[in-house]
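Visitor: Generate a structure from the sequence data that follows.
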Amino acid sequence: MTFDIQQNDTKSKARAGVIHTAHGEIATPVFMPVGTQGTVKALHQHELADPVHAPIILGNTYHLYLRPGTDILQQAGGLHKFIHWDRAILTDSGGYQVYSLQGMRKIKEEGVKFQSHIDGSRHFFSPENVVDIQRQIGADIIMAFDECTPYPCDYTYAVKSMQLTHRWLARCVKRFGETDPLYGYEQTFAPIVQGSTYKDLRIESAEFVAAMECEMNAIGGLSVGEPHEDMYAMTEIVCNILPEDKPRYLMGVGLPENILESIARGIDMFDCVLPTRNARHGILYTSRGVIHIKNAKWETDFTAIDPESNAETSRKHTLAYLRHLFKVGEILALQIASIQNLTFFTQLVREAREAILQDNYAEWMQQKLRIITTRL
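Guide: As a prediction, the model looks like this:
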């Protein structure tokens, strides 16, 4: 994987670049739709290609390891072939999912023992076998196994957790170097900065990660309930330390305003389940603002869902029709809403990229924030 920076915004730390992978180019900034179990909920792959225009999607090691299992994925020739997706894939290592299994897991130096949320069966993840599993899945970008701390987090625990993550990272890097890709194309390994919302820990962790000299770097442990101001502060601190010539990935951050503010601080890559999850609950992100489609005010609104969307379904179907689909429980409601939200998110970062290329990102962002945070 290589990364070319094409333009830096002079009034912020935003930058526009291109990541080159074995499965195509990724123009940055980029938002990655989350396909946790080999599918982005309610969307077909051809819809991810157009109108969403996603150059990369995200899968999850924990879920794919449990179902369908790495034996089946290997027999299929890797996740790309299994799901018929010829663009890039990133796999989250499963650290966050293990973190969320509180009461069903035990963290030790060797790794994490956990019970499946599906059937209670017992499993073990270590830095080494998580690298092996991601080799078997075949993602273009694979993530380090880390511990994600909750918010709020006691300082003493945050220190111990960060140090454990660093020791695990060293083991991941060693394992990655000892193994080869399985499907005839190169894979990229990315470490993760931790440290909760403590400035000194974030600095220490960012310096440790930077010293690994990997092809890209990630920031984890944010968007877990902390105030947005803390998220921005930690992001800015870390971006000032991570290498400028490597992509920076802010994990799990998904509100449109969070994305734009983080781009201004030097972030290149984002992912979040929020667009599709909120879509299934009737919350739409549009070029005019946020719409709660189940509200009665849309019952007789026969204007387009979003006349400025790249998605034909959003330009041709009306708000009244979509509300009707939700009210009667039609599956089509989830599909139309999910396409709208993901198209909005990918359009948003493409517009951000254009603003960076024109060197007016800071001004564009302020104008855009006023619109996208409006509740209609």
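Visitor: State the helix or strand in which Tyr99 lies.
Guide: helix 95-100 (DSSP states H and E).
Visitor: Report the mean per-residue pLDDT for that helix.
Guide: In this model, helix 95-100 has an average pLDDT of 78.
Visitor: Okay, buried residues for it please.
Guide: With burial defined by 16 or more other Cβ atoms under 10 Å, the residues of helix 95-100 counted as buried are 95-99. Every C-beta, even on glycine, is put in place using the N, C-alpha and C of the backbone.
Visitor: cool, and stretch 147-156?
Guide: Buried residues in stretch 147-156, defined by neighbour count with 16+ other Cβ under 10 Å: 147-151, 153.
Visitor: cool, stretch 14-33 as well?
Guide: Under the neighbour-count criterion of 16+ other Cβ under 10 Å, stretch 14-33 has 14-19, 21, 23, 26, 28-33 buried.
Visitor: quick one on the thing from earlier: Met269: which of the buried residues of stretch 147-156 is nearest?
Guide: Nearest to Met269, judged by Cβ to Cβ, of these is Cys148 at 17.4 Å.
Visitor: right, and the closest one touches Gly221 too?
Guide: Yes. Here Cys148 reaches Gly221: they are 5.2 Å apart, a contact under Cβ atoms under 8 Å.
Visitor: What segments of the stretch 251-376 of the chain are helices?
Guide: Assigned by DSSP state H, counting those that start in this stretch, the helices in the stretch 251-376 of the chain fall at 256-263, 274-280, 312-316, 319-328, 331-357, 361-372.
Visitor: how about Ile72, secondary structure?
Guide: Under DSSP: H, G, I helix; E, B strand; the rest coil, Ile72 falls in the helix class.
Visitor: do you know how far the residue lying closest to it once chain neighbours are set aside is from Thr70?
Guide: Nearest non-adjacent residue to Ile72, counting by Cβ to Cβ, 6 or more residues apart in numbering: Phe82, 7.5 Å away. According to Cβ to Cβ, to the nearest Å, Phe82 and Thr70 sit 11 Å apart.
Visitor: do the same with Ala210
Guide: Counting by Cβ to Cβ, the gap from Ala210 to Thr70 is 31 Å.
Visitor: Kindly report the same for Phe326.
Guide: For Phe326, the distance to Thr70 - Cβ to Cβ - is 38 Å.
Visitor: So which other helices or strands are in contact with the helix or strand of the chain with the lowest mean pLDDT?
Guide: The weakest-scoring helix or strand in the chain, judged by mean pLDDT, DSSP states H and E, is helix 95-100 (a mean of 78). For helix 95-100, the elements it packs on are helix 61-66, judged by 3 or more Cβ pairs under 8 Å, 6 or more residues apart in numbering; DSSP states H and E.
Visitor: Figure out how far the helix it packs on is from the centre of its chain.
Guide: Distance of helix 61-66 from the chain centroid (Cα atoms, centre = their mean, to the nearest Å) equals 16 Å.
Visitor: Next: stretch 146-166.
Guide: For stretch 146-166, the distance to the chain centre is 21 Å (Cα atoms, centre = their mean).
Visitor: From one end of it to the other, what's the distance?
Guide: 8 Å (Cα to Cα, to the nearest Å).
Visitor: next one: stretch 369-376
Guide: End-to-end for stretch 369-376, by Cα to Cα: 14 Å.
Visitor: could you give me the average pLDDT of that stretch?
Guide: Confidence over stretch 369-376, taken as the mean pLDDT, stands at 97.
Visitor: So which bits of that stretch are buried?
Guide: Ile372.
Visitor: and what of stretch 265-279?
Guide: By neighbour count on 16+ other Cβ under 10 Å, the buried set for stretch 265-279 is 265-272, 274-276, 278-279.
Visitor: Out of the residues you listed, which comes closest to Leu48?
Guide: Distance ranking of these against Leu48, using Cβ to Cβ, places Thr276 first at 11.1 Å.
Visitor: Would you mind measuring from the closest one to Gly35?
Guide: Counting by Cβ to Cβ, the separation of Thr276 from Gly35 is 10 Å.
Visitor: Check whether Gly77 really touches Leu182, as I assumed.
Guide: No. Between Gly77 and Leu182 there is no contact under Cβ under 8 Å: 9.0 Å.
Visitor: Identify the structural domains in this protein and state their residue ranges.
Guide: 30-272, 279-372 (automatic domain parsing).
Visitor: Please put the alpha-carbon coordinates of the least confident helix or strand of the chain into PDB.
Guide: Output of helix 95-100 as PDB, limited to C-alpha atoms (Å, rounded to 0.1, in the frame of the first residue of the first chain):
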ATOM      1  CA  GLY A  95     -10.800  -5.700  19.900                       C
ATOM      2  CA  TYR A  96     -13.800  -3.400  20.200                       C
ATOM      3  CA  GLN A  97     -16.200  -6.400  20.100                       C
ATOM      4  CA  VAL A  98     -14.300  -8.100  22.800                       C
ATOM      5  CA  TYR A  99     -14.400  -4.900  24.800                       C
ATOM      6  CA  SER A 100     -18.200  -4.800  24.400                       C
END
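Visitor: can you list the residues that contact it?
Guide: With Cβ atoms under 8 Å, 6 or more residues apart in numbering as the test, helix 95-100 has contacts from 60, 62-63, 105, 107, 112, 114, 125, 143-150, 192, 220, 251-252.
Visitor: repeat that for 6 Å
Guide: The set of residues external to helix 95-100 that reach it, using Cβ atoms under 6 Å, 6 or more residues apart in numbering, is 62, 105, 112, 114, 145-146, 148.
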